[in-house]
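Engineer: build me a model:
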Amino acid sequence: EEPPSREQEKINELLEKEELNNREVLRLSRLMEKETQKNDKDNLEEDLNQSGTRVTVVEDAVKNDSLYWNKVRPIPLTPEEHLRIREKDSIIGITRIDTSRSDTVKITPKRKKRTFRNIVMGKSYLRNRGQFRFTHGGLLDLEMLDYNTVDGLSYGQNFGLNWKIDSLNTLRSSLMAAYAFHRKAPLITWNTNLLYAPLARGKVRLILNYKSADFNGATGIPSATNMLYTLLYRENHLKMYEELDASLDNRIDIRNGWVFTTKASYGRKRQLSNNSDFSIFYTKQKEFSPNTPADYPEDDPVLADFQYLNASMRLDITPRHYYVIRNYRKDMRDSRWPTFSIEYKHAFPLEDEGWSDFSQLWGGITHKTKVGLLSELDWSVQSGLFISKENLHFSDFKHFKSYPLIFDMARFDQALMLMDYYLSLIHIS
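Structural biologist: Numbers count the residues shown, from 1 in each chain. Here you go, the predicted structure:
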């Protein structure tokens with residue numbers, strides 16, 4: 001048996017430690033990579049054919065020089081052609097025309113059928129050896145179908161883009177564009193983010209919205225649940241307002257386990273009313289409720305039209321948060337310690353009336369730990385206060401997750417089971 005190399009001794013020395021700091025984790029990763037490259041170099045002369053296939057080389061196969069092969073195909077394969085060959089090693093659906101007349105490809109009816117299916121059902125298109133990916137959800141996308149009493153029937157399309165610019169930076173963008181037929185208004189959400197500084201998990205994101213939004217945007221009723229109750233039981237639990245806004249945020253690890261997030265947003269909020277009275281059942285027994293949350297009157301100041309300019313800062317700290325390096329980027333592991341969070345949010349009024357004006361401070365402790373096979377314990381403690389509350393929109397209130405319905409598609413975690421929608425909040429008097 002060969003004695004261990006110097007690199008192997010250092011690796012074993014590090015692995016014997018119970019806890020590793022960030023510098024030791026990086027050192028261990030470099031040593032293992034160096035040892036792997038050494039082993040690969042030593043094994044280059046070994047037989048790589050492990051399939052048992054016998055290969056016979058014709059005697060004159062290697063006597064043709066490069067001039068001969070250049071005559072066979074004077075134009076080299078493009079990167080797209082290389083990728084297409086790897087994706088599908090088949091010629092089904094493709095028929096060659098006589099090469100003496102043309103070097104084109106004829107598409108058979110089977111290929112046309114596949115193209116039509118991709119347009120209808122959706123498909124991801126790859127370019128540049130997978131570094132660029134464009135996704136279309138398809139013309140028939142049931143996830144984009146929705147119905148509520150404010151928008152009425154709405155339907156749209158979704159598109160996605162993923163571009164790996166280089167080994168360190170990745171650009172991602174998604175667009176959801178729909179139309180509310182009863183309200184006669186578009187519904188658009190464009191989300192674009194850039195991943196940078198992979199060892200610090202840097203991410204900058206731009207979001208543009210023009211849509212009807214839930215007053216409880218973070219933990220409100222799922223749209224699918226509201227659609228079923230609206231159509232089948234004639235109950236419109238979802239209450240909405242029109243939102244037109246742009247937000248820019250940045251998240252980065254200022255040190256390992258310390259995540260710092262900043263965000264700025266500017267927009268407008270406008271009051272909406274019901275535009276549809278359709279339901280399948282109970283058309284004569286029930287009436288839809290007005291589009292006002294928690295039985296607020298329509299002329300209440302917290303439901304009026306607002307403009308806002310908000311800025312926030314948030315810090316999340318997870319002690320001893322270990323990670324591994326994958327594809328040059330930090331991949332965080334589960335920590336035995338909880339995450340401590342604190343956030344400050346402020347609204348800057350640009351005029352005396354019609355602008356949000358408040359300051360909010362929030363803090364919390366969250367943790368998730370495994371307690372058995374396929375079981376985990378998820379707990380959190382949160383608290384906050386409004387330092388100032390000169391002018392608030394109803395959506396600026398601190399809302400909590402509620403679960404009052406018998407049938408709901410929301411998760412049970414962190415929900416108040418006995419509270420109605422929009423009542424589980426801190427009322428500002």
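Engineer: and for residue 373, the neighbour number?
Structural biologist: Neighbours of residue 373 under the rule other C-beta atoms under 10 Å: 5. (Each C-beta comes from the backbone N, C-alpha and C, glycine too.)
Engineer: what score does it have for pLDDT?
Structural biologist: For residue 373, the pLDDT comes out at 77.
Engineer: also residue 330?
Structural biologist: For residue 330, the predicted pLDDT is 88.
Engineer: go on, residue 357?
Structural biologist: What the model reports as pLDDT for residue 357 is 96.
Engineer: hmm, residue 391 and it touching each other?
Structural biologist: Yes - Residue 357 is within contact range of residue 391, at 4.2 Å (criterion: C-beta atoms under 8 Å).
Engineer: quickly list what's touching both of these two.
Structural biologist: Applying C-beta atoms under 8 Å, 6 or more residues apart in numbering, one finds that residue 357 and residue 391 are jointly contacted by residue 349.
Engineer: next one: phi and psi at residue 144?
Structural biologist: Main-chain dihedrals, residue 144, degrees, to the nearest 10: phi -90, psi 0.
Engineer: okay, now it: neighbour count?
Structural biologist: Residues near residue 144, counting by other C-beta under 10 Å, number 18.
Engineer: is the residue lying closest to it once chain neighbours are set aside in a helix, a strand, or coil?
Structural biologist: Nearest non-adjacent residue to residue 144, counting by C-beta to C-beta, 6 or more residues apart in numbering: residue 156, 4.8 Å away. Per DSSP: H, G, I helix; E, B strand; the rest coil, the local secondary structure of residue 156 is strand.
Engineer: go ahead and confirm residue 156 touches residue 180.
Structural biologist: No - assessed by C-beta under 8 Å, residue 156 is found out of contact with residue 180, at 9.4 Å.
Engineer: which one's more surrounded, the two?
Structural biologist: Neighbour count, other C-beta under 10 Å: between residue 156 and residue 180, residue 180 has more, with 23 against 19.
Engineer: enumerate the beta-bridge partners assigned to the more buried one.
Structural biologist: Beta bridges link residue 180 to residue 154, residue 185, judged by DSSP bridges.
Engineer: then the one 10 residues further on?
Structural biologist: With DSSP bridges as the criterion, residue 190 is bridged to residue 175, residue 208.
Engineer: where along the stretch 151-300 of the chain do the strands fall?
Structural biologist: Assigned by DSSP state E, counting those that start in this stretch, the stretch 151-300 of the chain shows strands spanning 152-164, 170-180, 185-196, 202-214, 240-255, 258-271.
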